[in-house]
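Participant: okay, predicted coordinates and the sequence, questions at the end:
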Amino acid sequence: MFYHAISRHVKIGNTAMDYVSFGKGDKNLVIIPGLGDGLKTVKGAAIALALMYKRYAKDYTVYFFSRKNHLDEGYSTREMATDLHTAMAKLNIQNAHVMGLSQGGMISQFLAIDHPQSVDKLVIGVSASRPNKTMETVVNSWITMATNHDYKSLFISSIEKTYPEDKAKKFRPFYPILTKFGKPKSFDRFMIQARSCLSHNAYESLAQIKSPTLIIGGDCDLVVGKNASEEMAAKISNSTLYICNGLGHGAFEDKAFNQLVLDFLKD
C-alpha cells in the first residue's frame, strides 16, 4: 500500500538525517530536494512523496534525503554531498541514479564530482553551478525575510518566484490561509542552507562529472534563470540539456519534466 513508503533516519556523526523511501524497483533512485528542506525535512512525508512521485515507484526504489538535522554555520553544499554519500553507504546504496532539484542539484554536482562511483546517471533540475545575479537577489531577499521571522512574506515570495504567472495566480486567493501553517520554530536551518547556495561554486569542476547527465531548466525560472542550466551543459561533456518552455523554478512538478527524466533513466 502506498508503494511501501516509509519514513526513517540514518545516523550521521552526532546527529541524524531524515529520509523517505518507497517503490519496489531493483535500481535505486536518490532524489535530493531543494531549499524548502530548510523549513521542513522529509520526516513524516513518506506517503505524500510516494504519491507525488508514483511514476518512479514501479521501476525504482526511491530515496528522498533531507540534509542532516543539525547544521553548523557555514555548512557547504560540498559538505552536504559528503554527508549524503555517508548516508547512502550506511544504507548499502553502492550506486544510484541521482536527481537533484534546485539546491539539491548543487549537492548532486559535488556528489558526482567527489564520489563518482556512487552516481550512475545524474539529473540536475532547475539548478546552478555558481551564483548569478538573479539567484543572489532572490536568495538574499529570502534570507532577510527569514532573519525577520517573516514567514508570510517568505512563503508568498517562494510561490511567486517558483511558478509562472498562470499558476501563481491560482495560489493568491489562498495566501491568507496557507501562510498560517508551516512556520518553523527557528529559521536558522533555512538561513544556513540559503547561504550555502550563495557560496556554492562547482563551475570549474563540472568537467570532472563523467556520469551521463540530464540538465533541465525552465525558460521562466525566476530563481536561477535558464542560463544557469545552459552554462552547466557547456561544461559537462556527457550531458543533455532541455529547457522547458513556459515553466519556472517549479518545473519538476510538471508531467513533461518527469517524463524527460524517466526516458533518460531508462535509455
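Facilitator: Arrived safely, thanks for sending.

Participant: now His149: closest residue in space that isn't a chain neighbour?
Facilitator: Excluding its sequence neighbours, the residue lying closest to His149 (Cβ to Cβ, 6 or more residues apart in numbering) is Phe187, at 6.3 Å. Yep, even glycine has a C-beta here, placed from its N, CA and C like the rest.

Participant: look up how far Ile143 lies from the one you found.
Facilitator: As judged by Cβ to Cβ, to the nearest Å, Phe187 and Ile143 stand 9 Å apart.

Participant: what about Ser199, distance to Ala228?
Facilitator: Looking at Ser199 against Ala228, where the rule is Cβ to Cβ, the gap reads 16 Å.

Participant: and the two? Which one has more around it.
Facilitator: Neighbours per residue (other Cβ atoms under 10 Å) separate Ser199 from Ala228, with Ala228 holding more: 25 against 13.

Participant: tell me the confidence at Met1?
Facilitator: pLDDT, Met1: 57.

Participant: which residues in this structure form strands?
Facilitator: Remark: strands assigned in the chain by DSSP state E are 6-12, 15-22, 27-32, 60-68, 96-101, 119-125, 213-218, 239-244.

Participant: which of those strands sits closest to Arg195?
Facilitator: strand 60-68 (12.9 Å; Cβ to Cβ).

Participant: helices or strands next to that closest one in the packing?
Facilitator: The contact analysis (3 or more Cβ pairs under 8 Å, 6 or more residues apart in numbering; DSSP states H and E) places strand 60-68 against strand 15-22, strand 27-32, helix 77-90.

Participant: returning to that earlier point: where does the residue nearest to His149 fall, phi/psi-wise?
Facilitator: phi -100, psi 0 (degrees, to the nearest 10).

Participant: tally of neighbours for it?
Facilitator: Residues near Phe187, counting by other Cβ under 10 Å, number 22.

Participant: got a list of what it touches?
Facilitator: 146-147, 149 (Cβ atoms under 8 Å, 6 or more residues apart in numbering).

Participant: now render the residues you listed as a markdown table, adding neighbour count and pLDDT.
Facilitator: Converted to a markdown table, these look like this (neighbours: other Cβ atoms under 10 Å; pLDDT from 0 to 100):
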| residue | neighbour count | pLDDT |
| --- | --- | --- |
| Ala146 | 22 | 98 |
| Thr147 | 10 | 98 |
| His149 | 12 | 97 |
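
Participant: can you tell me which of those lies nearest to Arg195?
Facilitator: Ala146 (10.4 Å).

Participant: how about low-confidence regions in this protein?
Facilitator: Low-confidence segments of the chain, defined by pLDDT under 70: 1.

Participant: any idea how far the residue nearest to His149 lies from Tyr75?
Facilitator: 15 Å.

Participant: is it true that Asp18 touches Thr41?
Facilitator: Yes: using Cβ atoms under 8 Å, Asp18 is in contact with Thr41, at 4.4 Å.

Participant: give me the common contacts of those two.
Facilitator: 66, 69.

Participant: follow-up on the earlier one: I'd like to know which of the strands of the chain lies nearest to Met232.
Facilitator: For the strands of the chain, distance to Met232 was read as Cβ to Cβ. The smallest value, 5.3 Å, belongs to strand 213-218.

Participant: the closest one pairs with which strands, parallel or anti?
Facilitator: Strand 213-218 has the following strand partners under DSSP bridges: strand 119-125 (parallel), strand 239-244 (parallel).
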